Every structure is written in structure tokens, then in C-alpha cells.
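Enquirer: Test case, fold it:
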Amino acid sequence: METNFLEIIRTRRSCRSYKSEQITDAQLNAVLEAGTYAPTSRGLQSPFIVAIQNKQLLECLAKMNAQVMGVTTNPYYDAPTYVLVFVPENAPNGVQDASLVLENMMLAAHAQGLGSCWIHREREMFATEVGKELMQQWGLPEGLVGIGALSLGYPEGEPAPAKPRKEGYTRVIK
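Expert: Numbers count the residues shown, from 1 in each chain. Got it, this is the predicted structure:
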């Protein structure tokens, strides 16, 4: 794993093309663990993280997301693993907490040579009866909402270089 953290941040890109080969359990566990160390509001650790590698579930989730998006393509880019993040609907700062979890996992994935991409529409997907049934099957508590997901796998090809940072992005006031 790379140890130059700023280099990991500078070189991470969204991946939209994956090899079909499944990632290792060790890689997945490292990504998931990184998510659990994200800061959360009042230290409540309100998010729930669910990794999916079952082909039938991957297809089901892709269809659900595509339906919300109004497309027929796979919004998860045919990645071999999806990682979903949920929070209790009444969690203080739940969106922020889940966003930090997702970012930690994206950085951990990149540090291991994996590709990832933040995927949206999980809120709509898991508000459906099918979505609620899936959460129940997975043993999640009632009252959760989907915040986002990652497509995760070995990247197919090299990522594009970073765009130049915009002028005036930061301000330092002393």
C-alpha cells in the first residue's frame, strides 16, 4: 500500500471501466475498515456499510439504479463489487457522515491499486419496496436511507490525468 497520503489524494480518479476479476478479500476488508475509521458526527458511527459481490444482487442493484436514472446501462460500470452506505434517516449529519465513509474507502481502494467511483441514486433505490426488502434480508435495521455507493474493482486501463486546479480555489485569511 502506498504511504504518501497526499500522492494518493492527488492521483485518485473515478474509475468507469473495470476488469471482471474479483478483488481479494484482504483488499475488500481493507477498504471496508477504512470506511469504519471515517469521522462521524458526535462519534456516533451512524453509517452502515454493505459490500455486495453476489452476481444476482449486482444485477438487481444495477437494474434498480438504472431505472431511477432512466437508462438501460449499468450505472455501476460492471464493477465486480459494489459497496453501499446507509444511515438512519434521523442521524444528525448523516449525509456528511456517509460521505466521509465513502471518501475514506475511495482513498483506501486507490492506495491498493483498485479503482472506484461514487455512485448516486441509492436513496431512491432503497426507498422502494424492493430496496426495503433487500435491506431487511441483509439484516439492516429499519429506518435507514441509502446515501451513496462505490463501484469497486481492478481498473481497466489507466486513469486520465487530473484537471488543473482552478484559480482561487483556496483562501488563507490571517
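Enquirer: what's the lengthiest strand in the chain packed up against?
Expert: The longest strand of the chain (DSSP state E) is strand 144-153. Applying 3 or more C-beta pairs under 8 Å, 6 or more residues apart in numbering; DSSP states H and E, one finds that strand 144-153 contacts strand 81-88, helix 94-111, strand 115-119, helix 122-125. Every residue, glycine included, has its C-beta placed from N, CA and C.
Enquirer: and of these, who's closest to residue 29?
Expert: With C-beta to C-beta as the criterion, residue 29 lies closest to helix 94-111 of the helices and strands packed on strand 144-153, at 10.2 Å.
Enquirer: about what we covered before: got the helices and strands packed on strand 144-153 as a markdown table, with distance to residue 31, mean neighbour count and mean pLDDT columns?
Expert: Output for the helices and strands packed on strand 144-153, formatted as a markdown table (distance: least, C-beta to C-beta, whole Å; neighbours: other C-beta atoms under 10 Å; pLDDT from 0 to 100):
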| stretch | distance to residue 31 | mean neighbour count | mean pLDDT |
| --- | --- | --- | --- |
| strand 81-88 | 7 | 24 | 98 |
| helix 94-111 | 5 | 22 | 98 |
| strand 115-119 | 8 | 23 | 98 |
| helix 122-125 | 17 | 19 | 98 |
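Enquirer: what sits against the residue sitting nearest the centre point of the chain?
Expert: Centroid check for the chain by C-alpha atoms, centre = their mean gives residue 150 as the closest residue, at 2.6 Å. With contact set as C-beta atoms under 8 Å, 6 or more residues apart in numbering, residue 150 has these partners: 82-83, 102, 105-106, 109, 116-119.
Enquirer: Which residues does it form beta bridges with?
Expert: Residue 150 has these beta-bridge partners by DSSP bridges: residue 83, residue 118.
Enquirer: any idea how far residue 41 is from it?
Expert: 21 Å (C-beta to C-beta, to the nearest Å).
Enquirer: again, but for residue 160
Expert: Where residue 41 is concerned, residue 160 sits at a distance of 34 Å (C-beta to C-beta).
Enquirer: Could you check which of the two has the larger neighbour count?
Expert: For residue 160 and residue 41, the more surrounded residue by other C-beta atoms under 10 Å is residue 41, and the numbers stand at 15 against 8.
Enquirer: circling back: now distance to residue 68 too, for the helices and strands packed on strand 144-153, in a markdown table please.
Expert: Shown next, in a markdown table, are these (distance: least, C-beta to C-beta, whole Å):
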| stretch | distance to residue 68 |
| --- | --- |
| strand 81-88 | 14 |
| helix 94-111 | 18 |
| strand 115-119 | 11 |
| helix 122-125 | 4 |
